[in-house]
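Q: Output the structure for:
(chains A and B)
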Amino acid sequence: MPLPADDSWSAGTTPWRRPDRRLLRLRRGLTLVLVTLPGLVLSGGLALVEPVAGLAGLAITAAVTGLVLVAVGRRWAAWGYLERDDDLLVRRGVLVRRLSVVPYGRMQYVDVTAGPLARRLGLATVTLHTAAAATDAFVPGLRADEATRLRDRLAALGEARQAGV
Amino acid sequence: MTAAVPVPPPVDDSADRSDDAGWLRLHPLTPLLSGGRFALLVLAFIGQGAVRSSPAPGRTAAVLFGIGVPLVVLGGWISWRAMRYRLTDTELQVESGVVTKRSRRVPLARLQAVDVVRPFYARVLGLAELRLEVVGGGGGAEAPLAFLSEDDATRLRAELLDRAAGRREGRAAGERDPVAPPEVPERVLVVVPTGPLVWSTLLGGPVVAVSLLLVALAVAAVVDLSSAGGVVFLAVPVLLGVGSFAVRRFLSEYGFTVAESPDGLRLRHGLLDTRSQTIPAGRIQVVRVIEPLLWRRFGWVRVEVDVAGYSGGGEEQSLTGALLPVAPRALADQLVARVLGGPLPAEVLSAPRRARWRAPLAHRRLGIALDDRHVLSTYGIVTTTTDVVPLAKVQSVRLTQGPWQRRLRLTSLHVDTAGRRLPGAVALHRDAREAPRLLAEVSARARAARMSSRPGRSR
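A: Predicted coordinates:
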């Protein structure tokens, strides 16, 4: 039983929240630009020299694009976060699955970051920091208003429940 | 000491110009010490030159000694003049810097540990360095005070710890008792004898390195006798490295004494450079018990501790952090239970048998134990390691599952703390259905422990 699907302990009926679909679109677009486009150009170049090689290149490009698109989709679908009463759950990863439980009282600070592409789409990443270096809870691809809401809520809850290190 | 020296011209931050009282200086011999350190460096440099028989080291030496050393002393004197510190009820204030002024406020409530370090050259003059470890120190001491007289250092330490614990609030800020508060009485719990310390140090890297060398030599002798010299030549740097690590560790942990005082746990150790660490109660994030393979027949273990932000600083990092460099298992268990304030969870849940496909040798050592106050995990076959985390110190809890683990329906549980060197506990390769239950259990108990420990100890 893969663990993120196991909701026996996911507290009540609240479903996991996901990154915005626009993140998925962004990553798919990036795949097309970074994988498919170079593949097509290369295949075209090969086709000029040797038509069979060009066809093979086309086939490989299609296959790789398909694989990467599936991986991107699964990776996006694996992301999730869940705000419970006392802690935040964050899950991610397809090949290596991870699930983090961060108590609000342990949060030291919350970061909201956005790269140039994400900003254009109005997306941001929320990262949680505790006093432990190993804590690796972050959620990418949140709509700007959701990111702000999450940040403010985390900060408020963190303050209310702050415990000494 | 203060009366003789006029208060330096006001620094321009003027945040609290109003109260100029109570500022103290470091020991006046500090500049001489930095000069002395430099002179030693020069000596080492010349010694090296003499060995390499470079031409005329005499003139360079004369220049370095005649001009360099006085310059260093002068520089040290100028920065000594610019440096001052003051202790208030809530913080330690340190101002320093000649060109760039720096003013630091160290909140005492965030104090994690206080070390009094006496390097060899400072001991000769009866001086000591005081180092404070603070949450978020980010490596290295937050505010090293080098150097104070040994009396001042121990007195300041006692005051820092008192105020950090919220005791002795009746006195005015920075005021010094004419009758110095005596160092709080301490009770010695363990003194590590030198014999086992030497043997245990040798039974680590040195023995392994030498046996590897012997094996390599035997192989070389069988294959081609003339290559044996090459093997020795290649081995020299490795042996030197291993040897110097062992020697430094021995020098650092010589005469290791564990004592208990009202201030907290006190660890004293060192042969040339001595160090006296004080860890206030309830500051320990992780305790690790290590049992190397070669120690097993003697029944010895090593115990290490970590507090938040406790780094020991740079190179010493791997050398310090010991709570007990070597001790019989039973004694170590007793001490661990004592410093953690309660017995350890006894019932160790071992990993499922199929974990052997993922960890063929170590799977029998994998385990986790949990009670209301601590979580404990064990792993490792060559060096069996047990990590104990007080549940009140848990920062976050994680599950991870790699592809190979998923096929075997295994999941690892990580318990993170604010410790710098020791990250926390990890229960590797649990059953994939058990792990979420463990996660929920650890989170819930950690929450309960956090709640019950909150009043009384603010950050």
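Q: For the rest of this, base every contact and every neighbour count on C-alpha atoms.
A: Will do.
Q: what's the weakest-modelled helix or strand in chain B?
A: The weakest-scoring helix or strand in chain B, judged by mean pLDDT, DSSP states H and E, is helix B:57-63 (a mean of 71).
Q: quick one: that helix to chain centroid distance?
A: 39 Å (CA atoms, centre = their mean, to the nearest Å).
Q: Could you say which helix or strand holds the residue nearest the centre of chain A?
A: Taking CA atoms, centre = their mean, the centroid of chain A lies closest to residue A:140, which sits 4.8 Å from it. If you go by DSSP states H and E, residue A:140 is part of strand A:138-143.
Q: And the contacts of that strand?
A: With contact meaning CA atoms under 8 Å, 6 or more residues apart in numbering or on different chains, strand A:138-143 is reached by A:19-20, A:22-23, A:79-81, A:90, A:118, A:122-128.
Q: Adjacent strands (with direction) for that strand?
A: Strand A:138-143 sits in its sheet next to strand A:123-130 (antiparallel), going by DSSP bridges.
Q: For the strand it pairs with, which residues meet the burial criterion?
A: By 16 or more other CA atoms under 10 Å in any protein chain shown, the buried positions in strand A:123-130 come out as A:123, A:124, A:125, A:126, A:127, A:128, A:129, A:130.
Q: Please determine how far the third one is located from residue A:90.
A: Between residue A:125 and residue A:90 the distance is 13 Å, computed by CA to CA, to the nearest Å.
Q: Please name the residues that touch residue B:117.
A: So residue B:117 contacts B:128, B:129, B:130, B:131, B:273, B:274, B:275, B:276 (CA under 8 Å, 6+ apart).
Q: which sections of chain B are below the confidence cut-off?
A: Applying pLDDT under 70 to chain B picks out residues B:1-19, B:49-58, B:136-143, B:168-184, B:309-320, B:454-459.
Q: ok, now chain A?
A: Using pLDDT under 70, chain A drops low at A:1-14, A:165.
Q: Which residues does stretch B:73-80 contact?
A: By CA under 8 Å, 6+ apart, stretch B:73-80 touches B:25, B:26, B:28, B:30, B:31, B:32, B:34, B:35, B:96, B:97, B:98.
Q: Of those, which belong to strands?
A: Per DSSP state E, strands hold the following members of those: residue B:96.
Q: Quick one: list the elements packing against the longest helix anywhere in chain A.
A: Longest helix in chain A by number of residues, with DSSP state H as the criterion: helix A:51-78. Contact here means 3 or more CA pairs under 8 Å, 6 or more residues apart in numbering or on different chains; DSSP states H and E; on that basis helix A:51-78 packs against helix A:21-31, helix A:37-49, strand A:87-92.
Q: Can you point out the buried residues in the longest one?
A: Just to be clear, that refers to helix A:37-49. By neighbour count with 16+ other CA under 10 Å, helix A:37-49 contains the buried residues A:39, A:40, A:43, A:44, A:46, A:47.
Q: just stretch B:101-112 next, same as before
A: The neighbour-count check on stretch B:101-112 (16+ other CA under 10 Å) flags B:105, B:106, B:107, B:108, B:109, B:110, B:111, B:112 as buried.
Q: same deal with stretch A:48-57?
A: Those would be A:53, A:54, A:57, for stretch A:48-57 by 16+ other CA under 10 Å.
Q: send the alpha carbons of it over as CSV?
A: The C-alpha trace of stretch A:48-57 is given here as CSV (Å, rounded to 0.1, in the frame of the first residue of the first chain):
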residue,chain,number,x,y,z
LEU,A,48,18.4,15.7,-44.2
VAL,A,49,21.4,13.3,-44.0
GLU,A,50,19.6,10.0,-43.7
PRO,A,51,15.8,9.8,-43.8
VAL,A,52,15.6,6.5,-41.8
ALA,A,53,17.7,8.1,-39.0
GLY,A,54,15.3,11.0,-39.0
LEU,A,55,12.3,8.8,-38.6
ALA,A,56,14.0,6.9,-35.7
GLY,A,57,14.8,10.3,-34.1
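Q: Chain B: which of the buried residues of stretch A:48-57 is nearest?
A: residue A:57 (30.2 Å; CA to the nearest CA).
Q: now that closest one, nearest residue through space, not along the chain?
A: Nearest non-adjacent residue to residue A:57, counting by CA to CA, 6 or more residues apart in numbering or on different chains: residue A:43, 4.8 Å away.
Q: Which residues are in contact with the one you found?
A: A:53, A:54, A:55, A:56, A:57, A:58.
Q: got it, and residue B:112?
A: Counting by CA under 8 Å, 6+ apart, residue B:112 touches B:132, B:133, B:134, B:135, B:279, B:280, B:283, B:307, B:308, B:309, B:310.
Q: can you rerun that using 7 Å?
A: The contact partners of residue B:112, by CA atoms under 7 Å, 6 or more residues apart in numbering or on different chains, come to B:133, B:134, B:135, B:279, B:280, B:283, B:307, B:308.
Q: which among the residues you listed end up buried?
A: For the contacts of residue B:112, a burial check counting by 16+ other CA under 10 Å picks out B:133, B:134, B:135, B:279, B:280, B:283, B:307, B:308.
Q: Please identify the helix or strand for residue A:15.
A: Per DSSP H and E, there is no helix or strand for residue A:15.
Q: Could you do residue B:199 as well?
A: helix B:194-202.
Q: that older thread, next secondary structure after the least confident helix or strand of chain B?
A: Once helix B:57-63 ends, the next helix or strand along the chain (criterion: DSSP H and E) is helix B:69-82.
Q: can you pull the buried residues of that following helix?
A: For helix B:69-82, a neighbour-count test (16+ other CA under 10 Å) marks B:69, B:70, B:72, B:73, B:74, B:75, B:76, B:77, B:79, B:80, B:81, B:82 as buried.
Q: could you measure residue B:36 against residue B:347, distance?
A: Distance from residue B:36 to residue B:347, counting by CA to CA: 56 Å.
Q: Endpoints of stretch B:401-417, how far apart?
A: End residues of stretch B:401-417 are separated by 20 Å (CA to CA).
Q: Let me see the residues that make contact with that stretch.
A: By CA under 7 Å, 6+ apart, the residues outside stretch B:401-417 that reach it are A:95-98, A:132, A:134-135, B:285, B:393-400, B:423-432, B:435.
Q: In ChimeraX, how would I select the buried members of those residues?
A: A single ChimeraX command selects the buried members of the contacts of stretch B:401-417 (16+ other CA under 10 Å):
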select /A:97,98,132,134,135 /B:285,393,394,395,396,397,398,399,400,423,424,425,426,427,428,429,430,431,432,435
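Q: Now, the contacts of stretch B:401-417 that are in strands?
A: A:97-98, B:285, B:396-400, B:424-431.
Q: how about the residues of chain A near chain B?
A: Along chain A, the residues adjacent to chain B under the rule CA under 7 Å from any CA of the partner chain are A:1, A:95-103, A:106, A:130-135, A:163-165.
Q: Output the helix or strand just after the strand holding residue A:140 as CSV - backbone C-alpha positions only.
A: Counting by DSSP H and E, the next helix or strand C-terminal to strand A:138-143 is helix A:144-161. Taking C-alpha atoms only, helix A:144-161 is exported to CSV below (Å, rounded to 0.1, in the frame of the first residue of the first chain):
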residue,chain,number,x,y,z
ALA,A,144,-0.6,33.7,-5.2
ASP,A,145,-3.7,34.2,-3.0
GLU,A,146,-3.6,30.7,-1.7
ALA,A,147,0.1,31.0,-1.0
THR,A,148,-0.5,34.2,1.0
ARG,A,149,-3.4,32.6,2.8
LEU,A,150,-1.3,29.6,3.7
ARG,A,151,1.6,31.6,4.8
ASP,A,152,-0.5,33.9,7.0
ARG,A,153,-2.4,31.0,8.5
LEU,A,154,0.9,29.1,9.2
ALA,A,155,2.5,32.2,10.7
ALA,A,156,-0.5,32.8,12.9
LEU,A,157,-0.9,29.2,14.1
GLY,A,158,2.9,29.0,14.6
GLU,A,159,2.8,32.0,16.9
ALA,A,160,-0.2,30.7,18.8
ARG,A,161,1.5,27.4,19.5
